[in-house]
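*Asks:* Need a 3D model of the sequence below.
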Amino acid sequence: MDGVCQLYEQGLKASNPQLRHITYDVTDLFNYVDSQKQQQQQQQQQKLQQQQNKLQQQKLQQQAEAAAAAAAEAAAAAEQVAAAEAAAAAAEAAAAAAAATAYLSASTAAAQ
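*Replies:* Next up, the predicted model:
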């Protein structure tokens, strides 16, 4: 009990340094002890909330990184599709040019 009284007196002196003589009744002491428990509970709740917020932030960061990786993969796939389409178009154009050249050669040969 002496330790609790000393703790209470230290708290009173810390909150009011000019206080020279401390007088209190047991009700004040019990109220102080109860308030200390409440403060500890509030501090623990705040720490828990901070940890939950940190975990949530990490989860969101991981989701954002996964989405960015998926977007990069989609962009690479789109580039590959575009390159394949361009190659197919070039092959078509080359085939058309070859056919036109063959037609012109045949037309020229027939005209002679």
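*Asks:* packing partners for the helix ranked longest in the chain?
*Replies:* In the chain, taking DSSP state H as the definition, the longest helix is helix 26-111. Contacts defined by 3 or more CB pairs under 8 Å, 6 or more residues apart in numbering; DSSP states H and E place helix 26-111 against helix 2-15. The way it works is simple: take the backbone N, C-alpha and C, and place the C-beta from them, glycine included.
*Asks:* Remind me what the helix it packs on packs against, helices and strands.
*Replies:* So helix 2-15, by 3+ CB pairs under 8 Å, 6+ apart, packs with helix 26-111.
*Asks:* I'd like the mean pLDDT over the helix it packs on, please.
*Replies:* Averaging pLDDT along helix 26-111 gives 89.
*Asks:* orientation of that helix relative to helix 2-15 in degrees?
*Replies:* Angle of helix 26-111 versus helix 2-15, following axes from the mean of the first three to the mean of the last three CA atoms, to 10 degrees, is 70 degrees.
*Asks:* Show me how far helix 26-111 is from its chain's centre.
*Replies:* 13 Å (CA atoms, centre = their mean, to the nearest Å).
*Asks:* Also stretch 105-112?
*Replies:* On the basis of CA atoms, centre = their mean, stretch 105-112 sits 72 Å off its chain's mean C-alpha point.
*Asks:* Just the CA trace of that stretch, in PDB.
*Replies:* The C-alpha trace of stretch 105-112 is given here as PDB (Å, rounded to 0.1, in the frame of the first residue of the first chain):
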ATOM      1  CA  SER A 105       5.800 -10.300-114.800                       C
ATOM      2  CA  ALA A 106       3.100 -12.600-116.300                       C
ATOM      3  CA  SER A 107       1.400  -9.600-117.900                       C
ATOM      4  CA  THR A 108       4.600  -8.300-119.400                       C
ATOM      5  CA  ALA A 109       5.600 -11.800-120.600                       C
ATOM      6  CA  ALA A 110       2.200 -12.200-122.200                       C
ATOM      7  CA  ALA A 111       2.400  -8.800-123.900                       C
ATOM      8  CA  GLN A 112       5.700  -9.600-125.500                       C
END
